[in-house]
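# build me a structure from this.
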Amino acid sequence: MFTFRLKTVLRLRIAQRDERRGELAKAMRAADILREQRDHLNQEMTDNLELARQLAEPGQAHIDRIVQAHRYGAILKGTLAQLVSQETQIAAEIERRRLALTEADRQVRVLEKLSERQREQYERDEQRQEMKQLDEAAGLSYLRRRNLQHQEAGR
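Residues are numbered from 1 along each chain as shown. The predicted structure follows:
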């Protein structure tokens, strides 16, 4: 029965690879959340600009509300800049985690290939041993028959 000596190490590497996958998935979910927030913020900025235009129409200018809309627009722009900065950071983190996953996956594949080669070698050795036993059994059988024939011929 074949047993891979590094089976425990392989299991450990698989667990590490799965952990790296989870970390990458978390980072990607964070990027999705930031993207949704940015989209929502862009929509809110568009709505605010439209409101400011409506307030600035001739005849019914509401100076205080226009100023508030512009201040709110400035706040939204600042928030958007922060989101873009966070998206840049999370993109770098995603890339770092992707590379870590790639390396973990490579380590698993190396051990799996080693296991497969050792299994194949084990099977070849087993076949060789089996053939050797069969050859010995056939040789012994031949010798027995030959001895029997000599004994019968000598009678």
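# helix or strand for the residue nearest the centre of the chain, just tell me which one.
For the chain, the residue nearest the mean C-alpha position is residue 21 (4.2 Å; CA atoms, centre = their mean). Assigned by DSSP states H and E, residue 21 belongs to helix 7-55.
# now the element after that helix, going C-ward?
helix 63-154.
# report the distance from the lowest-mean-pLDDT helix or strand in the chain to the chain centre.
Every helix and strand of the chain was ranked by mean pLDDT, DSSP states H and E. The lowest is helix 63-154, at a mean of 94. With CA atoms, centre = their mean, to the nearest Å as the basis, helix 63-154 stands 11 Å off its chain's centre.
# I figured residue 93 hits residue 28, correct?
No: look at residue 93 against residue 28 with CB atoms under 8 Å: they stay out of range, at 9.9 Å. Where you see a C-beta, it was placed from the backbone N, CA and C, and this is true even at glycine.
# could you list every helix and strand in contact with the helix holding residue 21?
helix 63-154 (3 or more CB pairs under 8 Å, 6 or more residues apart in numbering; DSSP states H and E).
# so who does residue 119 touch?
Listed by CB atoms under 8 Å, 6 or more residues apart in numbering, the contact partners of residue 119 are 2, 4.
# roughly how far does it sit from residue 130?
To residue 130, residue 119 is 16 Å away according to CB to CB, to the nearest Å.
# cool, and residue 30?
In this view, residue 30 and residue 130 are 57 Å apart by CB to CB.
# the more surrounded of the two?
The neighbour count for residue 30 versus residue 130, taken as other CB atoms under 10 Å, is higher for residue 30 (16 against 10).
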